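**Q** For reference, the sequence and a predicted model appear below.
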Amino acid sequence: MRAPLHFADRLARRVEDASSVLCVGLDPRGPFPDACTRGLRPDRSGTARAMERYCIGLIEAASADAAAFKPQVAFFEALGGYGITALERVCAAAQAAGVPVIADGKRGDIASTAEAYAAAWLAPRLGGEAPVADALTVNPLLGADSLAPFAGVADVHGGGLYALVRTSNAGSADVQELLLVDGAPLWHRLATLVSALGAGRIGSSGLSSIGAVIGLTQPHALTEARRLMPHTPLLVPGLGAQGGRPEDARAAFAPHPAGALVSASRSVIEAWRGEPGDWRDAVAASARRHREALWKVAVDASA
């Protein structure tokens with residue numbers, strides 16, 4: 001069997017092919033377009049089916065402009081087995097469109113439990129079905145031994161990880177900016193840990209399969225993050241509804257435009273609210289605007 005292509009190299013290829021560094025967050029909050037709920041009951045089964053229709057419609061609308069899709073696992077898990085089935089179908093639709101999937105699950109544990117989490121998202125399933133996702137977000141606060149099992153599974157199956165390092169939420173400073181005994185903030189230590197884990201996992205693109213999450217609402221942190229993690233692909237949430245601007249991401253795009261994926265959710269997937277016509281047209285137009293603005297910054301920054 002052919003060895004799976006390195007995650008970062010696969011991502012870099014998609015970025016180049018699509019001329020895009022836009023990651024579209026699939027956060028399916030209702031109410032959904034009428035076309036997605038028609039004929040369905042308002043129970044868990046019907047709601048999961050509506051979410052599936054909605055997200056597949058989003059994929060169809062935005063796939064030409066997306067470098068990746070990032071489904072937020074929690075919305076699907078809330079519906080139990082129905083939701084998980086819907087999520088698997090949504091991920092399969094994105095991958096069929098040729099777009100990598102980053103499962104936003106923020107998992108974190110040790111030993112066999114971490115391996116099981118990693119296998120659930122990044123390993124082929126029983127019967128030979130493809131992995132649900134190409135990459136997974138993880139929480140590194142349990143330490144290096146909590147990341148190692150995830151990285152091991154990712155290595156075998158060509159998957160990637162994005163570890164939370166300096167996040168976009170306002171309260172992140174409560175913990176991530178705490179100063180350690182050497183005077184550096186805690187998130188610097190997390191960045192160093194992530195960089196060390198990824199050092200032996202660098203592909204031909206110059207990027208590692210081990211990435212980090214750095215919020216666009218912290219542009220000063222992006223510059224420092226790139227210094228601390230020169231080969232780490234960054235996942236940069238906060239564009240649009242959270243106030244982040246494309247130009248704020250400039251420092252992240254090295255050594256390749258795929259050095260950063262900038263994530264937008266509501267400003268793309270809810271662009272249809274209040275707009276006339278087919279809801280997917282508004283989503284496609286918003287994704288295109290985001291892609292074009294971000295690509296200009298990425299190309300200029302990595303030239």
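**A** Nice, I can see it.

**Q** how about residue 245, what does it touch?
**A** Counting by Cβ atoms under 8 Å, 6 or more residues apart in numbering, residue 245 touches 216, 239. C-beta coordinates here come from the backbone N, C-alpha and C atoms, glycine included.

**Q** so how far is residue 27 from the residue nearest to residue 189 when sequence neighbours are not counted?
**A** In space, residue 189 comes closest to residue 180 once its chain neighbours are excluded; the distance is 6.2 Å by Cβ to Cβ, 6 or more residues apart in numbering. As judged by Cβ to Cβ, to the nearest Å, residue 180 and residue 27 stand 33 Å apart.

**Q** Same question for residue 5.
**A** Distance, residue 5 to residue 27, using Cβ to Cβ: 28 Å.

**Q** cool, residue 98 as well?
**A** Distance from residue 98 to residue 27, by Cβ to Cβ: 22 Å.

**Q** Count the neighbours of residue 92 for me.
**A** By other Cβ atoms under 10 Å, 15 other residues sit near residue 92.

**Q** Any stretches of the stretch 151-300 of the chain with poor pLDDT?
**A** Applying pLDDT under 70 to the stretch 151-300 of the chain flags residues 241.

**Q** now swap in the stretch 1-150 of the chain and tell me
**A** For the stretch 1-150 of the chain, the stretches with pLDDT under 70 are 1-3.

**Q** mind listing the strands in it by residue range?
**A** Assigned by DSSP state E, counting those that start in this stretch, the strands in the stretch 1-150 of the chain fall at 22-26, 68-71, 102-107, 135-138.

**Q** Throw the ones you listed into CSV and include distance to residue 191, thanks.
**A** Supplementary listing: the strands of the stretch 1-150 of the chain in CSV, determined by distance: least, Cβ to Cβ, whole Å:
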stretch, distance to residue 191
strand 22-26, 20
strand 68-71, 21
strand 102-107, 17
strand 135-138, 14
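
**Q** got those strands as CSV, with mean neighbour count and distance to residue 201 columns?
**A** Output for the strands of the stretch 1-150 of the chain, formatted as CSV (neighbours: other Cβ atoms under 10 Å; distance: least, Cβ to Cβ, whole Å):
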stretch, mean neighbour count, distance to residue 201
strand 22-26, 28, 20
strand 68-71, 27, 19
strand 102-107, 23, 17
strand 135-138, 28, 13
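
**Q** Figure out which of those strands is closest to residue 247.
**A** strand 22-26 (14.7 Å; Cβ to Cβ).

**Q** Check the offset of the closest one from the chain's centre.
**A** Here the centre of strand 22-26 is set off from its chain's centre by 7 Å, with Cα atoms, centre = their mean, to the nearest Å.

**Q** helices or strands up against that strand?
**A** Strand 22-26 sits against helix 44-62, strand 68-71, strand 260-264, helix 266-269, helix 279-302, with contacts defined as 3 or more Cβ pairs under 8 Å, 6 or more residues apart in numbering; DSSP states H and E.

**Q** Looking at those, spot the one closest to residue 135.
**A** strand 68-71 (8.1 Å).

**Q** how about residue 131, what does it touch?
**A** If a contact means Cβ under 8 Å, 6+ apart, then residue 131 has 121-125, 157, 159 as its contacts.

**Q** Residue 302 too?
**A** Counted by Cβ under 8 Å, 6+ apart, residue 302 has contacts 253-257, 259.

**Q** Of these, which is the most crowded?
**A** Neighbour counts for these, by other Cβ under 10 Å, peak at residue 259, which reaches 31 neighbours.

**Q** Could you double-check that that residue lies in contact with residue 230?
**A** No. Here residue 259 lies out of contact with residue 230, judged by Cβ atoms under 8 Å, at a distance of 9.1 Å.

**Q** I appreciate the help and will end here.
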